[in-house]
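> I'd like to go over a predicted model; first the sequence, then the structure.
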Amino acid sequence: QVQLVESGGGLVQAGGSLRLSCAASGGTFSSYTMGWFRQAPGKEREFVAAISAGGGSTSYADSVKGRFTISRDNAKNTGYLEMNSLKPEDTAVYYCASRRSIPSRHSYQYNYWGQGTQVTVSS
């Protein structure tokens, strides 16, 4: 059973940066794809970014491409989401998730989820 714990959320002004972390335990982290999703109040959970188990393949939602960077350190069992040039519309609860297969943009295909971390971007 894989456990995921996000951290690094907070309040930031528009144009600022945050780095989210996702610490994994209970499984072989290097065998799992990792994804980041977010959910704003009143909206459905949406895909943000994903990275393959080995880190060689990444994908991003169009809304964050060029501003966000997903990465992972398998030696530390930790994944990251570097967020730059933040906008108020990036405000949401951010979740990391993992699955034992290739990266996917679909939340229903992920088996393990963290509890989420709040990111609030003020204008």
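Yep, it's here.
> and the helix or strand Arg19 falls within, what does it pack against?
For Arg19, the host element (DSSP states H and E) is strand 18-25. If you count contacts as 3 or more Cβ pairs under 8 Å, 6 or more residues apart in numbering; DSSP states H and E, strand 18-25 packs onto strand 3-7, strand 33-39, strand 78-83, strand 92-99, strand 117-122. The way it works is simple: take the backbone N, C-alpha and C, and place the C-beta from them, glycine included.
> between these, which gets nearest to Gln13?
The closest of the helices and strands packed on strand 18-25 to Gln13 is strand 117-122. By Cβ to Cβ, the value is 5.4 Å.
> contacts for that closest one?
Applying Cβ atoms under 8 Å, 6 or more residues apart in numbering, the contact partners of strand 117-122 are 6-14, 16, 18, 20, 38, 83, 86-94.
> chain neighbours aside, what residue packs nearest to the residue nearest the centre of the chain?
Closest to where the C-alpha atoms of the chain average out (Cα atoms, centre = their mean) is Trp36, at 2.5 Å. Leaving out its chain neighbours, the residue that sits closest to Trp36 by Cβ to Cβ, 6 or more residues apart in numbering is Val48, at 4.2 Å.
> now the helix or strand containing the one you found and strand 33-39, what's the angle there?
Element membership for Val48 (DSSP H and E) is strand 46-51. Counting by axes from the mean of the first three to the mean of the last three Cα atoms, to 10 degrees, strand 46-51 lies at 160 degrees to strand 33-39.
> now strand 46-51, how far from the centre of its chain.
Chain-centre distance of strand 46-51: 6 Å, with Cα atoms, centre = their mean, to the nearest Å.
> quick one on the thing from earlier: how far away is the residue nearest to the centre of the chain from Gly16?
Separation of Trp36 from Gly16 (Cβ to Cβ, to the nearest Å) stands at 18 Å.
> noted, bye for now.
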